[in-house]
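**Q** how would this look folded up:
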Amino acid sequence: MSSTLLQSAPITMMHDSLGPFRTFTLLTVGLFLSLCVIQTVKHRRRYHGLPTPPHNMLLGNLGVVLAEILASPEGFFHLFCVENIRRKYNMPSVFYLDLWPILPSIMVVAEPAVAKHMTQVQPQQRERFSPNLFSPLLSAEFILAVEQKNWKKENPALNAALTSTRVNEATPLLFPSLHSLRFRLLSISESGQQYPIKDLLTSYIIEIGCVIQLGRSFDLLTETSALDPIIKRSLDTMGWNPVKRYICSKEVKQRTDCLNGVLVATVQNTVQTGESGMICQSPIYSAHVEQLASGRMDHAESIAYLVNTLKVIILASVVSAGAASYCYFFLHKYPDCLREMREEHDRVFSPDRTQTWELLQKEPHRINSLHFTLAVVKETLRLIGVGGVFKKLKPGEFIESEGKEYPVVCNVAFICHLAMGRRADLFPDPDAFRPHRFLPGANPPIPADAFRPFEKGQLSCPGQTLALKSLVLLLLTTSREFDLVPAFPKGAPRAAEYLGGEGYPEFHIGPHVNKGMPVMVHTRVGA
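**A** Modelled structure (predicted):
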C-alpha cells in the first residue's frame, strides 16, 4: 500500500506543478481570443450604416467576395467580381468591401466626381505596387521611381516618344512591322487552323512601342523571330500567385536575365551609334544624352533606366493587346459596326489596299480623321474597363465631392473603371456596344470624368496617345482584308453575358479574352 502511494506521489506532484502553467495558458489564450473578438467587433462596426454587400460580424464581406470568385469560370479576372457584386446587390456608386483581416478593406469608387477628387483635385498617393509582382523583370528602384508624382517629367524617353507629334511622324517607320503582321495573318488564314490571336497582337503592340522608342524594328512579327519567344517567356512569369512564383523562381530569373541581356545590348547599341538606322532619331538616344548632360545619372545608371523604360512599354503593351483582341471580339458580335468602320476606311483612305498603304505613308495625319474607328476603340475600353487604380487613403477622414461626404473607413480606394463604364445613368444602354456615343458631337455627351481608361491626373498613363493610335492603325490595316472569327470550343465555360459570355476576361497583366482568343482567320474575297 505504502509503495503504491509512493509511486503515485510523483504523478500527483507533477499534476500539481502543471496546474499554474495550465491556468496561465488558458488565461493567455482566453485573453488573446477576447482581444481578437473586441478588435473584430470594433472593426466591423466601422461599416455600420455604410453601403456594403451582405455584411456580418464574423467575416465582413469576405463570404460575398469568396462566393463570387468560386462561381467564376476558370482563369476569370477576379477584379471584375467587383462589378458583379455591384450589380447583384444594387450597390451605389461608392460602396465598401470589408475584407479584413485576409485582405485590405476597399472603398469602391464608381463615381466620376469622387474619382476626380482623388486623382486631380486632391490627389491621393497611389497604392504601392508589390515589388514581387514585377520582379525580377523590373528593379525595385525603378518601381519606386515610377510611383513618384513627377516620374513622367523626369523620364525624357517617355516624354519625347509618346507625344502625338512623335507618333504621327514615326508612322512610316511602322510599315515593315505592319507588313509583317499582314503576312502572318495571311499565313494563318492559309493554314485553316485555329490560332490564339492574343500572342500575335501582343507582338504587334510591343513592336510598335519599341519602334517608336528605338526608331527601328524589333522584328517580333516574323515567324523566325528570336526575340519574340524570349519576351513571351518572361511575360508568362508575371502573376499574383506567390506560390507559383516561388516554385518557379529559378526559371523566372533565367528568363528575365535572358531578356535583360538582349535589351541592354539593344540600348547600348543605340546609344553607341547615336542613331537607330532609320530616318528618325531615337528618343532612347536623346534621353541618354539629356540624362548625362543634366548630371542626374552616369552612363551605367542611364542604360539601366532606359532598359527598364523599355520593359514598362512591354508590360503596357500587353494590356493594350488585350484591348485589341476585344476590339475584334466586339466587332464580330456587332457586324453593323464593323461594316460602318470599313466604310470609313474606304472614305478616308481608299477602297484599294495598295492606295491605302501609299496614302498612309505620305499623309499619316489622315489617321486623325478616323473618328468612328477611334470610337470603336474607346467603346471597347469602356466595356472591358482595363482594370482600375488603387489609391491610398487615410482612415478617419471624409472625402467631400459635389456636396456629398464619403467617410473613409479603410486604407485603400479602388477606382473601378468597369463599374463606372457600366452605369446606365452615365452611359445609356451600358452593356451594348455603341461606338457612336464617342463620336464628336454625340448626344448625350460623355459625362465629365466618366471615361478614364488611362486614368487622369499626375499618375495618368503617359502612353495613351500611342495606345489609341496603335489600335486604330491595327484596325485600319487588317479589318478590310481579314475576318477574325472567334472559335471557342463547344461547351466552353462562360461568364455573364455582359462580360463577354464565353469570351470572358482572364488576367494576364491586364484583361484578355480567355484562352488567348482562339480565332479562325479568313481572307476576304476581293480585299
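**Q** could I get the CA-only coordinates of stretch 51-59 as PDB?
**A** The C-alpha trace of stretch 51-59 is given here as PDB (Å, rounded to 0.1, in the frame of the first residue of the first chain):
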ATOM      1  CA  PRO A  51     -23.400  50.800 -48.200                       C
ATOM      2  CA  THR A  52     -21.900  47.300 -48.300                       C
ATOM      3  CA  PRO A  53     -23.000  43.900 -49.700                       C
ATOM      4  CA  PRO A  54     -24.300  41.500 -47.100                       C
ATOM      5  CA  HIS A  55     -22.100  42.000 -44.100                       C
ATOM      6  CA  ASN A  56     -21.700  40.000 -40.900                       C
ATOM      7  CA  MET A  57     -19.600  40.500 -37.700                       C
ATOM      8  CA  LEU A  58     -17.500  37.400 -38.300                       C
ATOM      9  CA  LEU A  59     -16.400  37.600 -41.900                       C
END
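**Q** element containing the residue nearest to residue 187 when sequence neighbours are not counted, please.
**A** Spatial nearest neighbour of residue 187, excluding adjacent residues (CB to CB, 6 or more residues apart in numbering): residue 223 at 7.3 Å. (C-beta placed from N, C-alpha, C; glycine too.) Here residue 223 sits in a region with no helix or strand, counting by DSSP states H and E.
**Q** same question, residue 461
**A** Per DSSP H and E, residue 461 falls between elements, in no helix or strand.
**Q** so it sits right up against residue 455, yeah?
**A** Yes - between residue 461 and residue 455 there is a contact at 6.3 Å, judged by CB atoms under 8 Å.
**Q** neighbour-wise, which of those two wins?
**A** Each of residue 461 and residue 455 has its neighbours counted (other CB atoms under 10 Å); residue 455 has more, 21 against 18.
**Q** mind listing what's buried in stretch 284-300?
**A** Judged by neighbour count (16 or more other CB atoms under 10 Å), stretch 284-300 contains these buried residues: 284, 285, 286, 287, 288, 290, 291, 297.
**Q** among those, which are in helices?
**A** Judged by DSSP state H, helices contain the following of these: 284, 285, 286, 287, 288, 290, 291.
**Q** distance of the last one from residue 303?
**A** Which is residue 291. 10 Å (CB to CB, to the nearest Å).
**Q** quick one: residues contacting residue 409.
**A** Going by CB atoms under 8 Å, 6 or more residues apart in numbering, residue 409 touches 46, 47, 50, 96, 105, 107, 395.
**Q** and the residues you listed, which are buried?
**A** Listed as buried from the contacts of residue 409 are 46, 47, 96, 105, 107; burial here means 16+ other CB under 10 Å.
**Q** and the nearest residue to the second one once chain neighbours are set aside, how many neighbours?
**A** Nearest residue to residue 47, sequence neighbours excluded (CB to CB, 6+ apart): residue 98, at 5.1 Å. Using other CB under 10 Å as the criterion, residue 98 is surrounded by 24 other residues.
**Q** just checking, residue 98 touches residue 55?
**A** Yes - between residue 98 and residue 55 there is a contact under CB under 8 Å: 6.2 Å.
**Q** shared neighbours, the two?
**A** Contact with both residue 98 and residue 55 is made by residues 44, 47, 61, according to CB under 8 Å, 6+ apart.
**Q** reformat the residues you listed as TSV; add pLDDT and distance to residue 470.
**A** Below are the shared contacts of residue 98 and residue 55 laid out as TSV (pLDDT from 0 to 100; distance: CB to CB, whole Å):
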residue	pLDDT	distance to residue 470
44	87	47
47	90	43
61	94	39
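**Q** of those, which is the nearest to residue 378?
**A** When the shared contacts of residue 98 and residue 55 are compared for distance to residue 378 (CB to CB), residue 61 wins out at 32.5 Å.
**Q** what is the burial count for the closest one?
**A** 24.
**Q** pull the helix or strand with minimum mean pLDDT from this structure.
**A** Every helix and strand of the chain was ranked by mean pLDDT, DSSP states H and E. The lowest is helix 131-134, at a mean of 54.
**Q** so who does the residue lying closest to residue 396 once chain neighbours are set aside touch?
**A** The spatial neighbour of residue 396 that comes closest, neighbours along the chain excluded (CB to CB, 6+ apart), is residue 408 at 6.7 Å. For residue 408, the contacting residues are 107, 393, 394, 395, 396, 397, 398, 399, by CB under 8 Å, 6+ apart.
**Q** tell me if the last one really is in a strand.
**A** Same thing as residue 399. Yes - using DSSP: H, G, I helix; E, B strand; the rest coil, the assignment for residue 399 is a strand.
**Q** may I ask which helix or strand encompasses the residue lying closest to it once chain neighbours are set aside?
**A** Excluding the flanking residues, the one nearest residue 399 by CB to CB, 6+ apart is residue 406, at 4.5 Å. Using DSSP H and E, residue 406 maps to strand 404-407.
**Q** packing partners for that strand?
**A** strand 398-401 (3 or more CB pairs under 8 Å, 6 or more residues apart in numbering; DSSP states H and E).
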